[in-house]
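J.: sequence-free structure coming up:
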């Protein structure tokens, strides 16, 4: 993979999706271009997809939130006459390396979670019109919507054929959503997941696999009707004007990646990405109209977009960089002022979207399989929204005191109201609450410290940072911490971090990223799937797979 | 592994543990015999353990429940002067195949869960005296107890060195118990899990890694004191007499395994184990004294012991038998009568233990990586406790109507009070409640059917069975179901079943078996751990491991 994957796109450049808006209802039409794969070597037949198709879907889902405040319902449908979607392209999967498959599944999962979040948090409900075979990732996409309407004809079925056909799991939340979202009975789910041809018609409805069954001739009309009803219930403003998500400016020169407020320097020797986030250059606008006027230039939105892109870029294109070191720089007061403005106008549709986008981006960090350290030094601004970066980190080192020869006061961190619930993790709890499960009252006690700059000793006492070396020890302690981390097995770290980051309650989201993904990753390594005689490997060759029959 | 593992043992045959009872406090002293490994090829130095050591621990934990009703507290300590326990033996792990490692971890996990259950449900609290290095599985054993007392000296530390030392995860619940039982802050847990030498003294106490720190000279006394306090709070009867767990009678002849009420025939060609469970031969005793008199001959206890042993045997010794088919036979009335007797005397210590043992055994079935089908035919008795077998199965087929030429009425199933809460799954819910998450009121509605024999149509309507073919279809439908199952990838089925069986809430237990185990299984496959240059492989050879640095 010499070529780097770029996650930035826009509707005019879509190859595979058409986004149409008609009043309060939008339609996302999937019409995958067979020869439009992001990598060579496979044809995207039958509306099967690869990462490139999903990058466009992700972009569309984002734009619907920001550019279309009026849209209260989104219909996902197929542009092919006789098929809905055959799922992730099998040849793409069989030719991909382990890391690519896993990273692909993670990204597609995040987009489906964002589809559900749109309905739950943002008044934008997704519906799905199933007009033909809807299999594997195709059905998983349907499962991520809030209402599945299915044509009642001999051709249309829903299916999760991964186990019988490919010896892998549905990798985009399918199993979890079956039993934990739709609450399909486990014995029926068991049967359903083992029949290649899937289930159609009345049984699909009776078993709860779809929400509505209509004659093929009435499919469009039925979905349009349901979408109109959903849109009518939406709290999104019918007459508001969206903001345009202008192309995100980014430069990559050698090992430096630069955005407006975010920069990253990759140190390949150490396997470290040094990520810097800058506070706003000026104060926030005086009112909500100012936020709308600034649009993508409004610092919190720019921050979310830049961080989001950087995370995706590093995950996909820089697999060998295993440790991300986060620093911030600039005026904590200005960060705080922006947070306050957002909190004050949280009822505004755009402000709501910005806060939700920050939340999604921070969640992306949580499920990133890289070690994350925060370094809190003089001149930094780990405050409110930016303090979440330190709370999302596996560890935070904070320099206690001044640095000799530097004209800066000692570092402080500062809690904001946002740290107490605006950005819940996948487990549904604020990072602070997950952090203090041992003392449930502690997060509440810390409210008294909102807005107070906390030096190293106070931050340690408050439990916000891990270690607070002074200048004498700082360099050695941090260096040793980074070097030790870089020396450990990347796989063991991935498993350890995934296990330590999500204490507390489990949700659909955490179950998908923990149980389902971990099992899928395991299976993606097993000879029965990926070995020379494995099912994924021999698929389509006419050969039969041969399995090692021992159960593990 | 030509030799089969036998899970049956007794204190007189222990090599590695000493069980002593002194009034209300028992002591389990771990003193592993270096040359006593269950397999050749490694020495169990420094109180490191293998499956054989854990089989004895499991046996002791069981006996403490049944043979020692008077024991309200159990102290786990080391018989070595300068070390507590070095964890699972590394050479054993490095020479073991993937399946062995995974199965070993599963069994050790179940025993640690049973230790916690003893404290939570049975008034028998475990405490741990840490007298020296306590690492990896050693610390995980300590974590499973309710109170860890640690010597405050330069030699004693707790550690989870798996990640830095071996490139694998602590596989027996360590990560999960750190953050979800002890609620250790995630950044501290992160640090702790990456330092080979672990943490000692005051920091271990401050971070919540242990519960109490005492001078080495006071360790014995301090633990004895805490144990006496715990025992004094126990509701176990100080003056009761236990029942003796007599050696379990079992015969294995060719592919037939026989116990008193349970039998199993292995069909290697099809990869199927046909498991039959027989109802009691007679009615239950008239009172609780009769139960105590019968002891191990009391049908429910015999059933639990036999099923438990069979599950462990098949899991460990018959890996290629991927599908277990469960049948029952005999008088449903007698099953029901036994269930009723148990329910009536549930406050009796022995009855409580029997019900909890059935619960643990059914849980063992839930986490077994084999497909499980129940076949409900004329003459069967899927009633109450035995109905749980059908509810634990991935599918249940029930024959609708009589069999021609057979002089038996059509099969029925029957709900009992026990199906509504006596045997919760690892997720904390009764199997019925997990089954009907879609309709939370349904399980309650079904209470009205308790005791009513339900024919195939009624059972299907009640949602208790999956398919109800009549005699004409039965043979083909079941055969096709079994054959199809046997043809799928064993790995994909393991991941699928682990994902579909546990809808609903997550608990410490489900998190251990889902997230932690799945990640560990993945890592146990990765070249960074088990490849020729992997850390587990080169450990102790003087070579350095070489890692593929790409993160997945």
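T.: Looks like it came in fine. Predicted model, so just to flag it, every value in this text is computed and none were measured.
J.: For the stretch 101-250 of chain A, list the residues in contact with chain B, please.
T.: For the stretch 101-250 of chain A, the residues in contact with chain B (CB under 8 Å from any CB of the partner chain) are A:102-103, A:162-164, A:166-169, A:175-176, A:178-180, A:182-191, A:193-194, A:208. The C-beta positions use only the backbone N, C-alpha and C, and glycine is treated the same way.
J.: and if we set it to 10 Å?
T.: Proximity of the stretch 101-250 of chain A to chain B (CB under 10 Å from any CB of the partner chain) is limited to residues A:101-103, A:106, A:160, A:162-170, A:174-176, A:178-196, A:207-208.
J.: Which of these are buried? Put it as a ChimeraX command.
T.: Per 16 or more other CB atoms under 10 Å in any protein chain shown, the buried members of these correspond to this ChimeraX selection:
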select /A:101,102,103,106,160,162,163,164,165,166,167,168,169,170,174,175,176,178,179,180,181,182,183,184,185,186,187,188,189,190,191,192,193,194,207
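J.: Can you tell me which of the residues of the stretch 101-250 of chain A next to chain B end up in strands?
T.: Mapping these onto strands (DSSP state E) picks out no residues; all lie outside.
J.: Narrow the residues of the stretch 101-250 of chain A next to chain B to those in helices?
T.: Per DSSP state H, helices hold the following members of these: A:101-103, A:106, A:174-176, A:186-192.
J.: ok but residue A:306 is inside a helix, no?
T.: Yes: counting by DSSP: H, G, I helix; E, B strand; the rest coil, residue A:306 falls inside a helix.
J.: Grab the nearest non-local neighbour of residue A:154.
T.: Spatial nearest neighbour of residue A:154, chain neighbours left out: residue A:200 (7.5 Å); criterion: CB to CB, 6 or more residues apart in numbering or on different chains.
J.: pretty sure the one you found contacts residue A:206?
T.: No: using CB atoms under 10 Å, residue A:200 is not in contact with residue A:206; the gap is 11.5 Å.
J.: which ones are touching residue A:74?
T.: A:19, A:21, A:25-28, A:60-61, A:64, A:68, A:115, A:118-119, A:124-128, A:145-146, A:227, A:230-231 (CB atoms under 10 Å, 6 or more residues apart in numbering or on different chains).
J.: the strands in the stretch 401-550 of chain A, which residues?
T.: Ranges of strands in the stretch 401-550 of chain A, per DSSP state E, counting those that start in this stretch, are A:413-414.
J.: all helices for it, in order.
T.: Using DSSP state H, counting those that start in this stretch, the helices of the stretch 401-550 of chain A run over residues A:431-435, A:440-446, A:456-462, A:471-487, A:490-500, A:508-511, A:517-523, A:527-530, A:535-538.
J.: which secondary structure elements does the fourth one contact?
T.: Under the contact criterion of 3 or more CB pairs under 10 Å, 6 or more residues apart in numbering or on different chains; DSSP states H and E, helix A:471-487 touches strand A:272-278, strand A:323-329, strand A:371-376, strand A:395-398.
J.: Just the angle for it relative to strand A:272-278, thanks.
T.: Put simply, helix A:471-487 runs at 130 degrees to strand A:272-278, going by axes from the mean of the first three to the mean of the last three CA atoms, to 10 degrees.
J.: what's the span of stretch A:116-135 from first residue to last?
T.: Across stretch A:116-135, the terminal residues are separated by 20 Å (CA to CA, to the nearest Å).
J.: Okay, buried residues for it please.
T.: Neighbour counts over stretch A:116-135 (16+ other CB under 10 Å) mark A:116-119, A:122-135 as buried.
J.: Kindly report the same for stretch A:266-279.
T.: Buried residues in stretch A:266-279 (16+ other CB under 10 Å): A:266, A:270, A:271, A:272, A:273, A:274, A:275, A:276, A:277, A:278, A:279.
J.: Can I get those residues in CSV including distance to residue A:529 and pLDDT?
T.: Output for those, formatted as CSV (distance: CB to CB, whole Å; pLDDT from 0 to 100):
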residue, distance to residue A:529, pLDDT
A:266, 32, 98
A:270, 34, 94
A:271, 29, 96
A:272, 33, 97
A:273, 31, 98
A:274, 37, 98
A:275, 35, 98
A:276, 41, 98
A:277, 40, 98
A:278, 45, 98
A:279, 47, 98
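J.: filter the residues you listed by proximity to chain B?
T.: residue A:271.
J.: Out of the buried residues of stretch A:266-279, the closest to chain B would be?
T.: Nearest to chain B among those, counting by CB to the nearest CB, is residue A:271 at 5.9 Å.
J.: who touches residue A:205 in this structure?
T.: Applying CB under 10 Å, 6+ apart, we find residue A:205 in contact with A:148, A:150, A:152, A:199, A:211, A:212, A:213.
J.: and which of those is nearest to residue A:326?
T.: Checking these against residue A:326 by CB to CB gives residue A:148 as the nearest, at 40.1 Å.
J.: Tell me the bridge partners for that closest one.
T.: Beta bridges link residue A:148 to residue A:128 when assigned by DSSP bridges.
J.: Tell me the confidence at it?
T.: Residue A:148 carries a pLDDT score of 98 in this model.
J.: sorry, back to before: would you turn the ones in helices among the residues of the stretch 101-250 of chain A next to chain B into a markdown table with distance to residue B:333 and pLDDT?
T.: Formatted as a markdown table, these follow (distance: CB to CB, whole Å; pLDDT from 0 to 100):
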| residue | distance to residue B:333 | pLDDT |
| --- | --- | --- |
| A:101 | 54 | 96 |
| A:102 | 54 | 96 |
| A:103 | 58 | 97 |
| A:106 | 54 | 97 |
| A:174 | 43 | 97 |
| A:175 | 39 | 97 |
| A:176 | 41 | 97 |
| A:186 | 29 | 97 |
| A:187 | 27 | 98 |
| A:188 | 31 | 98 |
| A:189 | 33 | 98 |
| A:190 | 31 | 98 |
| A:191 | 32 | 98 |
| A:192 | 36 | 98 |
